[in-house]
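K.L.:
what follows is a predicted protein model with its sequence.
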Amino acid sequence: QSSKDNKTVFFLFCIRDNDCQHSPDSTVNSWYQSIFEMPLKHITLANLSEDGVNAMVSDTLCLFPRLTRPLSRVLHRKALGNPCFVRQTLKVLQKEGYLYHSLRGTMRRWMWDMDKISDLRISENVLFLLMSEMNKLPSDMRMGLEVASCMGANVSMIVVGILSSHLKVDLAGILERVAEKGFIDRVGTEEYRFVHDRVQQEAYKTMAEHRRSERHTTFGLAIYSQACSDNDDDLLRISLNQINRAGPGTITDLRQKAMIAALNLKVGNKSAALTDFDSALAYFKHGISFLNEEYWKHQYQLSIDLHNAAADASCALSDTVGVRFYSQSVFSYAVSLEDKLDAMFVLVKSLRMALALSEAEKCAVRFLQDLGQNKILEFEHRLFRCII
């Protein structure tokens, strides 16, 4: 604004702080830094509070604030209170049909599907802001994010309670504060869920690799104790998945490693019974990895059972290479022909499924020559059932 008598000029401009931080050498940022020598009045525009978002939504939809409060609460969390992102999210909701104008009856007003809106993934812009804000969180909230990220995309309230006792902190209270910041959502009364898989991945990456392994192991053992007390199969799987993610390197107690190997066999057999052979094979592989050195000598029966189970699961997945690998281990280390019977049956079955009939016949005949009469009848009976 200028005139002949007034030699001053009034400038009004806005700039994002994160633009300056991430592009320090840009022309705009250089100019912005240079004008600090002049008298400037800085007006910082913070994100809207939940009440501010509700006022914005209420005005946009022409509804009373008390009616828009539930919707505004979700929008505030998903848009981090940024008015531009709130407006953008409203447009997305309308486009997807989650926010619509109802003409039914006398209540002609905007309506919305709260369940679908709650499940809506956050936008890339909001995701970028979350990533940049993660390292600025207080230490206890960062710890809460790290603990939750170890559990995957979501963490149940039961597990939160177990880990609260283990860590001697109010983990549920910490995660509530994290949820208020928009990093996770509380899904009813059952679990917390990360708003985006990249948020979970970023929180997980903030831990050093050895720290991740230590936490997976200690969390898994803590959950395992509770699973045994409650006889809870779901908790048992969660605990075992945590221990398996850490691997055998974090456990030095030989008896504990043997227990985990046996536990993988048990859970793997349950998965196989449910025809989830991919999961079953993964458990059997982990079980083998937890066996002690010279396991064929010191853990003979457990080694036989794990390798036979892995061969059987590989057969169900039509993985002939896997069947050969695990059955060959049994052939090499089993001390009796009876202990090799199951592995040979699975190998012949796998070869037949792969239409390698000639090789299957040779394997069967060669093995039968070494068996006694009773075992021959047993093997032939099982083979006959397989062919049928």
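P.N.:
Cool, got the structure. Everything numeric in this text was worked out from a predicted model, so none of it was measured.
K.L.:
spatially central residue for this structure, please.
P.N.:
Nearest to the geometric centre of the chain sits residue 152, at 2.6 Å (C-alpha atoms, centre = their mean).
K.L.:
low-confidence stretches in the stretch 1-150 of the chain?
P.N.:
1-11, 13-29, 31-33, 35-39, 105-106 (pLDDT under 70).
K.L.:
right, and the residue nearest to the centre of the chain touches residue 200 too?
P.N.:
Yes: proximity of residue 152 to residue 200 meets the contact threshold set by C-beta atoms under 8 Å, at 7.2 Å. (Glycine included, C-beta is placed from N, CA and C.)
K.L.:
skip the chain neighbours and tell me the closest residue to residue 114.
P.N.:
Spatial nearest neighbour of residue 114, excluding adjacent residues (C-beta to C-beta, 6 or more residues apart in numbering): residue 70 at 6.4 Å.
K.L.:
name the helix or strand for that neighbour, please.
P.N.:
helix 65-79 (DSSP states H and E).
K.L.:
the helix or strand that that helix is followed by versus helix 65-79: what angle between them?
P.N.:
Proceeding N to C from helix 65-79, the next assigned helix or strand is helix 83-96, under DSSP H and E. Counting by axes from the mean of the first three to the mean of the last three C-alpha atoms, to 10 degrees, helix 83-96 lies at 100 degrees to helix 65-79.
K.L.:
which other residues reach helix 83-96?
P.N.:
Here helix 83-96 makes contact (C-beta atoms under 8 Å, 6 or more residues apart in numbering) with 47-48, 52-53, 56-57, 60, 75-76, 78-79, 99-100, 112, 116-117, 120, 123, 125-126.
K.L.:
any idea which helix or strand comes after it?
P.N.:
Sequence-wise, the next helix or strand downstream of helix 83-96 (DSSP H and E) is strand 99-102.
K.L.:
just the helices in the stretch 251-388 of the chain please.
P.N.:
Here the stretch 251-388 of the chain has its helices, by DSSP state H, counting those that start in this stretch, at 254-273, 277-289, 295-298, 300-316, 320-333, 337-353, 357-368, 373-387.
K.L.:
pipe these into TSV and attach distance to residue 191, mean pLDDT and mean neighbour count per row.
P.N.:
As requested, those are exported to TSV (distance: least, C-beta to C-beta, whole Å; pLDDT from 0 to 100; neighbours: other C-beta atoms under 10 Å):
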stretch	distance to residue 191	mean pLDDT	mean neighbour count
helix 254-273	21	94	18
helix 277-289	21	96	22
helix 295-298	38	91	14
helix 300-316	30	95	22
helix 320-333	35	93	18
helix 337-353	39	85	20
helix 357-368	48	72	14
helix 373-387	44	51	12
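K.L.:
how about those helices, which one is nearest residue 187?
P.N.:
helix 277-289 (23.7 Å; C-beta to C-beta).
K.L.:
quick one: the closest one to chain centroid distance?
P.N.:
Here the centre of helix 277-289 is set off from its chain's centre by 19 Å, with C-alpha atoms, centre = their mean, to the nearest Å.
K.L.:
what does that helix rub up against?
P.N.:
Identification of contacts with helix 277-289 by C-beta under 8 Å, 6+ apart yields 240, 244, 247-248, 260-265, 267-269, 271-272, 303, 306-307, 309-310, 313-314, 316-317, 322.
K.L.:
and the strands in the stretch 151-300 of the chain?
P.N.:
Along the stretch 151-300 of the chain, the stretches classed as strands by DSSP state E, counting those that start in this stretch are 154-156, 184-187, 191-194.
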